[in-house]
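J.: sequence? don't have it. structure:
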Ligand SMILES: Cc1cc2nc3c(=O)[nH]c(=O)nc-3n(C[C@H](O)[C@H](O)[C@H](O)COP(=O)(O)OP(=O)(O)OC[C@H]3O[C@@H](n4cnc5c(N)ncnc54)[C@H](O)[C@@H]3O)c2cc1C
Ligand SMILES: Cc1cc2nc3c(=O)[nH]c(=O)nc-3n(C[C@H](O)[C@H](O)[C@H](O)COP(=O)(O)OP(=O)(O)OC[C@H]3O[C@@H](n4cnc5c(N)ncnc54)[C@H](O)[C@@H]3O)c2cc1C
């Protein structure tokens, strides 16, 4: 065998698997047909966060007038902004390449395709390995009638290239996490943004109260949100892209004109070209490769991790699964046994959650209590000029066991660390409430939400 | 008896005690001779954080040029900034007054003084109570030779009033938390700031590595830091305040001229006017009122909490102690049993810590392992333009028990929530390392620091 | 299909154990459902697993 482990795909799932396997003493190769770092570093998590920060800074400067700080007219050099973003991507992907070298992971360039269950072909070479980890990720789902040209009609990859000037009128088709992150970016950059969502609620999967609060804030920032609406077609014309919109409840159709249309209607697992059958594997109807909690496929020495191995399609899930697969291959008794996988929308304020929504907890048969603390009662939030949102806690009545934490707030993603650890540690609301939280911090809102479960929050009137 | 509990002082310790006692059904009064909210809300935690945010925004706007965002000349309306800060204070103190009303806490205005162990005098009225909670806080320590006039020579209270124009040359005498927060504020507002510290290290109490990193960053931002130096005297003259500085190692003396001098050399407990003797109490030599873990003084029905009850003089310690005292009085088995009390310097980046420093752990006899993850390897930090600092973890060898977490990073105070909960839950480094942290978040640096304890961090080369 | 009362929130409770305990249980081949946890709600910590292993070894050793 050429390698102990051959990883296919160098996205977060793949590179975590490769590095951990190497750390554990295995001889590892990682095949990548595109850029090291996968969707996440190149065209996903990272570049979006860079643009979100740029947009947020613009908004913050506007709010600075509240405390007497004002500036002469702003100019945004869009080429420079895109370049700055690309520079971060380059630095991070270069970092991963460096980590491959340092950990002695062989980087194989090209598309890997199974020949048999122990051999893959890359270009005109073949490689054998005792174990494989498939980490081929996902790609944007497409929408009939909306042909992506990455200029006027874009998917998330095209949307990362902010045009100069920014589009005056922007439509986001799809009100999920990716749709809202881009809506927020373009709104802060000056576009008039409309988001349409087929389902009755935006950000599917998040807690209903949190989504309601989040939607209210996004609307206040100027983003138009319409649910129960779909886009049927988009025609490029001289004055812009004419999009036929349909109210899915009434069937009413209207046509609106936009300068840029983002199609963000989900992602689908990517197995094309892998020649799974040769390895004795078959994707599910929806295109995923099925795995057990040890990340093993039906062929026990072949593992799959990340987006290709199932929902939620999130980088940190891919990373965890990559580590588990590598450790299992190295003979460790690892398992993907996470109590909860966090989710974040990196707008300002952020929406972040981990664990069960109130409804999910009820559906699972829990007797539920909740606690809530509004950021408007947080001193730290006031000093940060960010008093919108709240921390909501979902707790089991009787045992006081924490089931879920839902945060709409500045820095919500940072506060999520405590919430995630609390769930994994099987902490109770009391455990959180009895822990001293530094003053004045946003984290006090987590403490107070826990106190409010017991009707003992200090800075609000408990009812 | 007029009241079940009479709380003396409405700072964070006092108002937490009063509200919790009322929540538990007791008849409560709270005496306050100054403004409700105490040092913390009026002249401490809150107004400093407001000014820090203002200064940080100015700095952030400067960095925005890196991604192509530039502005015409900035104007800072200092009166407006001071007013904005005062507005936040007013809102929060008004909030506490409102919470007193809502919880039916009687607010007694004036200085309380014991007549006997069950009676206090306020103005010309007397009040009896079954229990007392002394929460009279602390005041700035003074320094011989430096007479505070709150204009040219200020303590922390005077420093909160930013003069217009900002002082060109500013000296902070004392390199602790308060000294550095003001140094950071004035530096961002345009002053040339020098910090002198008597001890060999700034920020006493924090981990040596963290302090070193922190000092390096502050210096890079333009703050001059000199340790082993003291200020002997300060004379106001036409061209500024002439300060005699002395190198405490060599004895060498120099005189430098500043436009504003801040004296921030610590705080001392405040018991003056309380007439403790009448209640059968006596302060320690250093002025503290001694208490047990139930916050009881030597006179069992008299409790003391917060700054007056001992170090560290921090608002969240006062709050916790206030809650404990109230609960004990209400018959609950509460105790101040915190594993660790967090500390934060709210600069940018922030320095935040909880638990033992490496040296403290060694001194306590632990066999210590450490983990470290630099923010420069964090993708989220890059997108936030804040890649300085690190997360350091102090762990017991063998048991893997977390002993301390030390963070220099943007949003460090938010990340502290997880660290604090981890310590209180007696979590191990593995517990943290096995918990999925959302990507890309600053909290991943906490995860990776835990991984690095086991030489298994992914985004750095482990040695 | 879960029946009423046979839900995660009902009688089919998930085992409450901290991450390091779950890992340790796998390493030592311990079935977490057999371990009684010393923490709140029976939360299992690594020490509980070590104690469980000791206890079962003792009872095996004494021929029970
Ligand atoms: C705009 C956007 C923003 C996002 N933001 C976030 C976020 O903030 N947080 C978050 O958690 N998630 C985010 N995601 C999702 C995240 O990017 C994915 O969950 C993550 O990248 C999945 O990692 P992966 O390793 O499974 O696959 P991928 O990152 O998709 O990587 C798969 C890699 O495999 C390679 N490959 C595929 N087939 C082959 C083959 N046959 N041979 C060789 N190489 C092959 C591909 O070239 C690719 O590099 C975002 C996604 C998008 C699109
Ligand atoms: C500039 C500055 C910044 C700070 N920043 C932070 C921070 O970020 N985080 C943090 O944790 N801590 C911070 N602190 C410390 C924090 O303010 C104190 O630890 C906290 O206020 C202590 O609370 P306390 O309730 O014990 O007393 P205090 O807040 O001092 O309140 C005591 C109250 O009692 C009243 N009083 C006193 N004697 C009597 C009497 N005889 N009768 C009636 N009333 C009386 C006083 O008027 C006062 O209102 C800061 C302090 C300063 C000075």
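T.: Alright, I've got the coordinates. As the structure is a computational prediction, the values presented were derived from the model and not from experiment. Ligands and ions are numbered 1, 2, ... in the order given.
J.: so what's residue C:34 up against?
T.: Residue C:34 makes contacts with residue C:52, as judged by C-beta atoms under 8 Å, 6 or more residues apart in numbering or on different chains. No exception for glycine: its C-beta is placed from N, CA and C like everyone else's.
J.: typo on my end, it should be residue A:152
T.: Residue A:152 neighbours (C-beta under 8 Å, 6+ apart): A:236, A:240, A:241, A:259, A:260, A:261.
J.: most neighbours among these, please name it.
T.: residue A:261 (27 neighbours; other C-beta atoms under 10 Å in any protein chain shown).
J.: does that one belong to a helix or a strand, and which?
T.: strand A:260-263 (DSSP states H and E).
J.: then residue A:52?
T.: helix A:45-63.
J.: all helices for the chain, in order.
T.: Answering for chain A, as no chain was given. Ranges of helices within chain A are A:12-23, A:38-43, A:45-63, A:78-102, A:156-159, A:177-189, A:208-220, A:315-329, A:358-363, A:379-383, A:412-424, A:429-433, A:444-453, based on DSSP state H.
J.: should've been chain C
T.: C:19-28, C:46-61.
J.: could you redo those helices as a markdown table and give each row mean pLDDT?
T.: Shown next, in a markdown table, are the helices of chain C (pLDDT from 0 to 100):
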| stretch | mean pLDDT |
| --- | --- |
| helix C:19-28 | 96 |
| helix C:46-61 | 90 |
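J.: okay, these, which one's buried deepest?
T.: For the helices of chain C, the largest average neighbour count (mean count of other C-beta atoms under 10 Å in any protein chain shown) is found in helix C:19-28, namely a mean of 21.
J.: tell me the spacing between residue C:28 and ligand 2.
T.: Distance check for residue C:28 against ligand 2: by C-beta to the nearest ligand atom, to the nearest Å, it reads 43 Å.
J.: list the contacts of that residue.
T.: C:49, C:53.
J.: and it, how far is that from residue C:34?
T.: Using C-beta to C-beta, to the nearest Å, we find residue C:28 at a distance of 12 Å from residue C:34.
J.: so which residues on the stretch 51-200 of chain A come close to chain B?
T.: A:52-54, A:57-58, A:60-61, A:64, A:66-81, A:83-85, A:88, A:91-92, A:95, A:99, A:102-103 (C-beta under 8 Å from any C-beta of the partner chain).
J.: quick check on these: which are buried?
T.: For these, a neighbour count by 16 or more other C-beta atoms under 10 Å in any protein chain shown gives the buried set as A:52-54, A:57-58, A:60-61, A:64, A:67-71, A:76, A:78, A:81, A:84-85, A:88, A:92, A:95, A:99, A:103.
J.: surely residue A:200 and residue A:229 touch.
T.: No: in this structure, residue A:200 is not within contact of residue A:229 by C-beta atoms under 8 Å, at 10.7 Å.
J.: those two: who's more crowded?
T.: Counted by other C-beta under 10 Å, residue A:200 and residue A:229 do not tie: residue A:229 has more neighbours, with 20 against 10.
J.: who's the closest spatial neighbour of that one, skipping the chain neighbours?
T.: In space, and not counting its chain neighbours, residue A:229 is closest to residue A:196: 4.2 Å by C-beta to C-beta, 6 or more residues apart in numbering or on different chains.
J.: equivalent analysis for residue A:391, please.
T.: Nearest to residue A:391 is residue A:449, by C-beta to C-beta, 6+ apart, at 4.0 Å.
J.: now for the one you found, how many residues are close by?
T.: 28.
J.: quick check: it touching residue A:389?
T.: No: using C-beta under 8 Å, residue A:449 makes no contact with residue A:389, being 11.5 Å away.
J.: and stretch A:249-268, what's its mean pLDDT?
T.: Mean pLDDT, stretch A:249-268: 98.
J.: one step back: make JSON lines out of the helices of chain A and add distance to residue B:183 and mean pLDDT.
T.: Listed next are the helices of chain A as JSON lines, based on distance: least, C-beta to C-beta, whole Å; pLDDT from 0 to 100:
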{"stretch": "helix A:12-23", "distance to residue B:183": "40", "mean pLDDT": "98"}
{"stretch": "helix A:38-43", "distance to residue B:183": "37", "mean pLDDT": "98"}
{"stretch": "helix A:45-63", "distance to residue B:183": "23", "mean pLDDT": "96"}
{"stretch": "helix A:78-102", "distance to residue B:183": "30", "mean pLDDT": "98"}
{"stretch": "helix A:156-159", "distance to residue B:183": "42", "mean pLDDT": "98"}
{"stretch": "helix A:177-189", "distance to residue B:183": "32", "mean pLDDT": "98"}
{"stretch": "helix A:208-220", "distance to residue B:183": "35", "mean pLDDT": "98"}
{"stretch": "helix A:315-329", "distance to residue B:183": "37", "mean pLDDT": "98"}
{"stretch": "helix A:358-363", "distance to residue B:183": "46", "mean pLDDT": "97"}
{"stretch": "helix A:379-383", "distance to residue B:183": "18", "mean pLDDT": "98"}
{"stretch": "helix A:412-424", "distance to residue B:183": "25", "mean pLDDT": "98"}
{"stretch": "helix A:429-433", "distance to residue B:183": "34", "mean pLDDT": "98"}
{"stretch": "helix A:444-453", "distance to residue B:183": "25", "mean pLDDT": "98"}
